[in-house]
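J.: need a structure here:
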Amino acid sequence: MSSPPPSSRVHGQGRRASIVDVATTAGVSRQTVSNVLNGRREYYSQDTHDRVLDAMASLGYQPNRAAQSLRSRRSMQIGYHMFGQQLDSVNGFFLHFLQALVKQAAQDDYQVLVFTHHDDDPMRVFKELIARRSVDAFILTDSAVDDPRARLLAADGIPFASMGRLAPDLPQQWVDVDNVVGMLPLVDHLVAAGHRSFAYVGAPGSDYWTLERFDGLVKGLAAHDLSIPAANVHYGDDASNRAFIRRLLRRKQPPRAVVCSSDAVAAVVVNMAHALGLVVGRDLAVTGFDGGAIGMLTEPTLTSVRIPVEQIARELVHRCRREIETGPTGDPGLVVPTQVLLGGSA
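T.: Below is the predicted model of the structure:
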């Protein structure tokens with residue numbers, strides 16, 4: 001007869017291992033095991049944490065998530081709202097973020113419920129999830145700053161956190177990067193490489209991060225007594241950006257460096273440069289902003305400003321957990337640093 005899987009091992013005389021067995025094996029109290037299971041890290045040391053996990057592994061102990069949820073009246077789920085361009089199969093940044101979010105939530109004993117909306121009113125699905133108590137907290141992205149989703153959640157006292165800044169009168173449950181500061185060392189790198197003529201290509205719309213990245217480019221160039229002509233700046237979708245790049249690079253004196261608002265935009269520029277017979281990294285420098293998987297798939301790989309997605313996911317999940325466990329914290333928003341990721345494109 002084959003041995004039972006770890007999740008069904010028994011302890012003693014045909015009995016499943018209990019939380020008391022884990023506590024005895026680890027040499028700690030039952031409450032300490034409960035604290036470890038619920039991620040209350042302020043109540044135990046790393047050594048205690050490791051001993052409890054080792055005891056659980058040796059006994060084949062599996063916590064009863066259903067019982068935990070009934071006792072705590074929690075779903076142990078965090079809702080993540082995806083919509084618009086985030087749902088595009090080619091949007092590598094949000095795929096990377098979702099992977100990091102799911103991994104971090106699992107480490108904190110939560111699951112991620114991904115949802116979207118199919119009409120012009122995203123509030124409807126939020127209200128339904130709140131009414132059904134399907135999730136304990138929400139994570140928002142693509143923040144509109146004065147975000148109606150955040151206003152709904154704040155008014156109802158629902159825990160949430162946002163990747164992207166929020167209006168000052170909303171709970172400052174956000175984590176973000178400084179797009180202006182992040183662009184400055186990238187500009188320094190391009191100037192040090194000898195580039196003196198620039199263009200900027202951005203995604204469509206007036207999202208603050210796209211505009212701030214352009215502001216960072218302007219500020220960085222000004223520090224070197226350089227500027228960018230208005231005719232070299234364009235915001236558009238992929239088709240519009242391709243047409244602009246085609247016109248731009250066919251000029252008698254095209255710019256030597258094209259700075260882009262994202263890696264996805266930069267990939268379009270790289271492809272168009274190849275189509276025109278240019279060697280990216282030699283004839284033309286191209287840079288992105290994200291530092292994710294898309295930049296690793298271009299030829300050559302992209303020089304980009306890397307957003308620390310794993311750190312942001314960790315901070316967002318932990319902010320949600322603190323709000324779930326203790327209520328509103330009043331914590332300020334958090335800005336995490338970026339770094340320049342050097343590839344072959346610039």
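J.: what's the closest non-adjacent residue to residue 35?
T.: In space, and not counting its chain neighbours, residue 35 is closest to residue 43: 4.4 Å by C-beta to C-beta, 6 or more residues apart in numbering. Any C-beta I mention is one placed from the backbone N, CA and C, and that applies to glycine too.
J.: next, count neighbours for the one you found.
T.: Per other C-beta atoms under 10 Å, the neighbour tally for residue 43 reads 12.
J.: with just CA atoms, put stretch 146-154 into PDB.
T.: The C-alpha coordinates for stretch 146-154 follow below in PDB (Å, rounded to 0.1, in the frame of the first residue of the first chain):
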ATOM      1  CA  ASP A 146      -9.000  60.800  -7.200                       C
ATOM      2  CA  ASP A 147     -10.000  57.200  -7.700                       C
ATOM      3  CA  PRO A 148     -13.800  56.400  -7.400                       C
ATOM      4  CA  ARG A 149     -12.900  52.800  -6.500                       C
ATOM      5  CA  ALA A 150     -10.800  54.000  -3.500                       C
ATOM      6  CA  ARG A 151     -13.600  56.500  -2.500                       C
ATOM      7  CA  LEU A 152     -16.200  53.700  -2.500                       C
ATOM      8  CA  LEU A 153     -13.900  51.400  -0.400                       C
ATOM      9  CA  ALA A 154     -12.900  54.200   2.000                       C
END
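J.: which residue ranges of this protein form helices?
T.: Ranges of helices in the chain, per DSSP state H, are 19-26, 30-37, 46-59, 65-72, 92-107, 123-132, 148-156, 179-192, 208-222, 238-249, 263-275, 293-297, 309-326.
J.: where does the stretch 201-346 of the chain dip in pLDDT?
T.: Filtered on pLDDT under 70, the stretch 201-346 of the chain yields no residues whatsoever.
J.: per-residue pLDDT of residue 193, please?
T.: For residue 193, the model assigns a pLDDT of 97.
J.: who touches the nearest residue to residue 148 once chain neighbours are set aside in this structure?
T.: Spatially, and ignoring its direct neighbours in sequence, residue 148 is nearest to residue 123 (6.6 Å; C-beta to C-beta, 6+ apart). The contact partners of residue 123, taken as C-beta atoms under 8 Å, 6 or more residues apart in numbering, are 148, 149, 152.
J.: picking up where we left off before, to residue 114, which of the helices of the chain lies closest?
T.: Nearest to residue 114 among the helices of the chain is helix 92-107; the distance by C-beta to C-beta comes to 7.1 Å.
J.: residue 250: what's it in contact with?
T.: Going by C-beta under 8 Å, 6+ apart, residue 250 touches residue 276.
J.: residue 186 against residue 291, yeah?
T.: No: using C-beta atoms under 8 Å, residue 186 is not in contact with residue 291; the gap is 10.7 Å.
J.: okay, and the common contacts of those two?
T.: residue 305.
J.: how much space between residue 345 and residue 274?
T.: 11 Å (C-beta to C-beta, to the nearest Å).
J.: the more surrounded of these two?
T.: Per other C-beta under 10 Å, whichever of residue 345 and residue 274 has more neighbours is residue 345, with 26 against 14.
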